[in-house]
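**Q** give the three-dimensional model of this entry:
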Amino acid sequence: MTTRNIVKITNRGMISIPAVFRKKYNLEDGKFVMVIEDEGTLRLIPIKSTKELQENGPSVEDVLKVIKESRKEDLELEK
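**A** All right, here's what the predicted structure looks like:
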């Protein structure tokens, strides 16, 4: 489901993120979002803190497994 809100840009280029999104994505004062321009649209991507990534992110073993698989695929493509 797509949720839309209209926000106003201030003379300093700032916008206010609607409360519904701040609550949904845990966007509190001091947190960061990435702004991505993609084919004429702007997207805001919440950036997780290091602590959140450690608690909810992939394990070191999972990351190493993906790296090994990727390297193996690259070597096979080079043959």
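
**Q** may I have the lowest-mean-pLDDT helix or strand in the chain exported as CSV, CA atoms only?
**A** Among the helices and strands of the chain, helix 50-56 carries the lowest confidence by mean pLDDT, DSSP states H and E, at a mean of 71. C-alpha atoms of helix 50-56 as CSV (Å, rounded to 0.1, in the frame of the first residue of the first chain):
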residue,chain,number,x,y,z
THR,A,50,25.4,0.6,14.3
LYS,A,51,23.7,-0.8,17.4
GLU,A,52,20.5,-1.6,15.4
LEU,A,53,22.5,-3.3,12.7
GLN,A,54,24.4,-5.4,15.3
GLU,A,55,21.1,-6.4,16.9
ASN,A,56,19.0,-7.0,13.7
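
**Q** buried sites along that helix?
**A** By neighbour count with 16 or more other C-beta atoms under 10 Å, helix 50-56 contains no buried residues. Glycine gets a C-beta too; all of them are placed from N, C-alpha and C.

**Q** and whichever helix or strand comes after that helix, average pLDDT?
**A** Next along the chain after helix 50-56, taking DSSP states H and E as the criterion, comes helix 60-78. The average pLDDT for helix 60-78 rounds to 83.

**Q** what does the least confident helix or strand of the chain rub up against?
**A** Residues outside helix 50-56 that contact it (C-beta atoms under 8 Å, 6 or more residues apart in numbering) are Lys48.
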